[in-house]
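Peer 1: What shape does this take:
(chains A and B)
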Amino acid sequence: KQEVTQIPAALSVPEGENLVLNCSFTDSAIYNLQWFRQDPGKGLTSLLLIQSSQREQTSGRLNASLDKSSGRSTLYIAASQPGDSATYLCAVVYNQGGKLIFGQGTELSVKP
Amino acid sequence: EAGVAQSPRYKIIEKRQSVAFWCNPISGHATLYWYQQILGQGPKLLIQFQNNGVVDDSQLPKDRFSAERLKGVDSTLKIQPAKLEDSAVYLCASRHSSGRAEETQYFGPGTRLLVL
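Peer 2: Got it, this is the predicted structure:
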C-alpha cells in the first residue's frame, strides 16, 4: 500500500530558527514528490517539486531533498519568519496521471 | 491568469440531504481532480478527469457520491444522501497535462461542508 507519513504533526519555533520537516513514503517507485503549503481556509500552494531523478530543489529560503532509496524527503526552511506559519503537506506522485498521495501534514507555528 | 474557482465556499446541511459543489478549472487545463480533506488529515483523491472522461474514481463512494465534467471544462460533485462523516473540505485542482514531468496541480480555495 502506498502511504505517506509526516513527522512531526505540529512544530512551534521562535522566529529566525532554521527547521526541518520530514516526510517518508512506503513505495520508492515515485514519479515525483511535492511539498505544498496550506493556510487556514485556503487551498494548497505548491512550494517545490522534485522529480524522481533529482536529489533536491531550492526556492528562496526553502530547500527540499529526496532520497528514494530510503523513502524519505525533507523540507528545510532557513531563517523562519512568522509568515511561514501554515500547514506543510508532502505528496507523492506515482505516475504521469498526477494523482497526489498526501501525508497528514505538519502544522508550523513561528513565534515573533 | 485566473485560478481555480469553487463555489460555494461554505455549506451546512443536515444528514440525508443532498449537496452539490462546483469547480471551474484554469482555462486550458485538461486534467481536473476532486479531493476530500477531513480535518487533521491530508487530502484524498476522490475522482480524476482527463478532459470529460474519468481516469480514476477508485476512492469515490459511488453509492452516494457522483461527479461529472461538462464539455471538459467545469465540474460538479454531488453527495446524495449526505452522512455525518462527509463533513470535510472538498478541494478541486487542475493541471495542464502537457506531459512535462515538472508540472504541478493548482488548487482552488475549497468548499467547507458541515453535515449535522
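
Peer 1: Looking at chain B, what residue ends up closest to chain A?
Peer 2: Proximity of chain B to chain A (CB to the nearest CB) peaks at residue B:42, 3.0 Å away. Quick note: C-beta positions are derived from backbone N, CA and C, even for glycine.

Peer 1: what's the helix or strand for that residue?
Peer 2: Using DSSP states H and E, residue B:42 sits in no helix or strand.

Peer 1: Can you get me a residue count around residue 77?
Peer 2: Since no chain was named, I'll use chain A. A total of 21 residues lie near residue A:77 under the criterion other CB atoms under 10 Å in any protein chain shown.

Peer 1: meant chain B, my bad for not saying
Peer 2: Applying other CB under 10 Å, we find 23 other residues in the vicinity of residue B:77.

Peer 1: Surely the residue of chain B closest to chain A and residue A:107 touch.
Peer 2: No: here residue B:42 lies out of contact with residue A:107, judged by CB atoms under 8 Å, at a distance of 11.9 Å.

Peer 1: between these two, which one's more packed in?
Peer 2: Just comparing residue B:42 and residue A:107: by other CB under 10 Å the higher neighbour count belongs to residue B:42, 22 against 17.

Peer 1: tell me the contacts of that one?
Peer 2: Residues near residue B:42 by CB atoms under 8 Å, 6 or more residues apart in numbering or on different chains: A:4, A:89, A:91, A:102-105.

Peer 1: Among those residues, which one lies nearest to chain B?
Peer 2: Using CB to the nearest CB, residue A:102 comes nearest to chain B of the contacts of residue B:42, at 3.0 Å.

Peer 1: Many thanks, I have nothing further to ask.
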